[in-house]
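J.: predicted model follows, preceded by the sequence.
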Amino acid sequence: MASRPLGQIVSVKPIPVPAPGRGIDLKVKVTAPRSGQHLPVIVFSHGNAWSLDGYEPLVARWAAAGFVVVQPTHLDSRRNAIGWNDPRFATIWRVRIADLHAILDNLGDVLARADLETRVDRERIAVVGHSWGAQTAGAILGARVLDADGVPGEDFTHSAVSAGALIAAAGTGDTLTPFAAENLPFMKPDFSTMATPALVIAGGKDQSQLSTRGPEWFTDAYHLSPAPKSLLTIAEAEHTMGGIAGEGVAETTDEDPARVVLLADAISAYLRAALGVDDAEWTALRRTTEDGDGTWSIASK
């Protein structure tokens with residue numbers, strides 16, 4: 001894969017975002033390159049318990065590659081101490097989606113507070129998420145949640161979003177473990193309406209405690225959604241994909257900095273192509289996998 005020089009970056013936090021009725025103020029961090037114009041935007045949704053300060057290995061690399069990255073702290077962050085038994089937990093999945101809508105609806109103000117309003121291309125916006133954040137981002141891309149009768153719920157898409165990437169996105173809800181079925185009844189995605197272009201990333205050794213299926217559960221977002229989609233499978237990756245949440249993080253079970261770089265750069269390359277910036281890096285990456293050693297692969301439809 002051809003690489004480009006990575007530039008210097010800067011972060012601004014916390015920036016408040018209007019979110020009436022949320023109970024806890026919605027705040028975001030914005031990370032951006034120090035130079036450049038017409039910058040595309042990534043709105044990133046973190047996994048369960050994390051915050052706007054997580055995932056620096058990904059965010060820093062995306063910003064250095066020319067993206068403006070906006071990170072909220074969702075209600076399920078450990079900072080808010082909302083556990084499984086808290087009555088608010090049952091609706092957090094909806095609040096997460098509302099968080100992304102609030103950011104997208106108020107993006108102009110967010111960018112102005114970060115002194116970026118004249119440097120961003122508002123026509124090139126993507127959403128990315130990891131784990132629970134991938135389900136959140138998936139809803140913005142068109143996935144819906146099935147109710148107890150198997151009926152798809154409401155459409156949460158946002159017209160400002162043109163592409164996305166889902167890292168370790170939960171699969172269908174028909175094989176949930178008893179714990180997941182009881183505590184996470186919203187984890188029943190319907191990908192048949194997820195029409196927005198997206199890259200799905202799955203780990204070949206990602207064995208979820210929430211499903212009785214194996215690592216292939218995390219490929220459902222690719223196989224069950226309409227084209228155009230791409231699937232990046234990293235053979236040895238577990239749920240933390242080598243340490244994407246941060247260096248020295250206790251949850252990381254498969255620490256591998258090179259794997260993190262691969263994932264970050266693959267998402268950057270895919271989004272640059274999907275958003276119409278430049279497809280050279282994505283083309284080169286797909287060509288590389290054809291001659292690779294099998295440690296990772298890309299499929300597209």
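T.: Structure received.

J.: how about the helices of the stretch 101-250 of the chain, start to end?
T.: 107-113, 132-141, 178-183, 220-223 (DSSP state H, counting those that start in this stretch).

J.: can you give me the end-to-end distance of stretch 211-220?
T.: Counting by CA to CA, to the nearest Å, you get 13 Å between the two ends of stretch 211-220.

J.: looking at the helices of the stretch 101-250 of the chain, which is buried most?
T.: Ranked by mean neighbour count, the helices of the stretch 101-250 of the chain are led by helix 132-141 with a mean of 28 (mean count of other CB atoms under 10 Å). The way it works is simple: take the backbone N, C-alpha and C, and place the C-beta from them, glycine included.

J.: and that helix, what's its mean pLDDT?
T.: For helix 132-141, mean pLDDT is 98.

J.: now do stretch 170-189
T.: Mean predicted confidence for stretch 170-189 is 93.

J.: alpha carbons only: can I get that stretch in CSV?
T.: Output of stretch 170-189 as CSV, limited to C-alpha atoms (Å, rounded to 0.1, in the frame of the first residue of the first chain):
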residue,chain,number,x,y,z
ALA,A,170,-22.4,-7.2,16.3
GLY,A,171,-24.2,-9.6,14.0
THR,A,172,-27.8,-10.7,13.9
GLY,A,173,-29.7,-11.3,17.2
ASP,A,174,-30.8,-14.9,16.6
THR,A,175,-27.8,-16.4,18.4
LEU,A,176,-27.5,-14.1,21.5
THR,A,177,-26.4,-15.7,24.7
PRO,A,178,-29.0,-15.6,27.6
PHE,A,179,-27.2,-12.7,29.2
ALA,A,180,-27.2,-10.7,26.0
ALA,A,181,-30.8,-11.5,25.2
GLU,A,182,-31.8,-10.3,28.7
ASN,A,183,-29.7,-7.2,29.0
LEU,A,184,-29.1,-6.2,25.3
PRO,A,185,-32.5,-6.8,23.6
PHE,A,186,-31.6,-4.0,21.1
MET,A,187,-28.7,-6.0,19.7
LYS,A,188,-30.9,-7.4,16.9
PRO,A,189,-29.7,-5.5,13.8
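
J.: what does it contact?
T.: 84, 89, 93, 131-132, 134-135, 138, 143-148, 169, 191, 208-213, 216-221, 224 (CB atoms under 8 Å, 6 or more residues apart in numbering).

J.: a markdown table please, covering the helices of the stretch 101-250 of the chain and showing distance to residue 48.
T.: Formatted as a markdown table, those follow (distance: least, CB to CB, whole Å):
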| stretch | distance to residue 48 |
| --- | --- |
| helix 107-113 | 24 |
| helix 132-141 | 5 |
| helix 178-183 | 11 |
| helix 220-223 | 17 |
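
J.: nearest to residue 164, of those helices?
T.: Taking CB to CB, helix 132-141 is the member of these nearest to residue 164, at 4.7 Å.

J.: distance from the closest one to the middle of the chain?
T.: 7 Å (CA atoms, centre = their mean, to the nearest Å).

J.: with just CA atoms, put that helix into CSV.
T.: C-alpha atoms of helix 132-141 as CSV (Å, rounded to 0.1, in the frame of the first residue of the first chain):
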residue,chain,number,x,y,z
TRP,A,132,-21.3,-1.0,20.3
GLY,A,133,-20.2,2.1,18.5
ALA,A,134,-20.3,0.1,15.3
GLN,A,135,-24.0,-0.7,15.9
THR,A,136,-24.5,3.0,16.6
ALA,A,137,-22.8,4.1,13.4
GLY,A,138,-24.5,1.3,11.5
ALA,A,139,-27.9,2.9,12.3
ILE,A,140,-26.8,6.1,10.7
LEU,A,141,-25.8,4.1,7.6
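
J.: which other residues reach it?
T.: By CB under 8 Å, 6+ apart, helix 132-141 touches 43-48, 50, 74, 76, 93, 96-97, 99-101, 127-129, 143, 145, 156-158, 161, 164-170, 187, 189, 191, 194-196, 198, 221.
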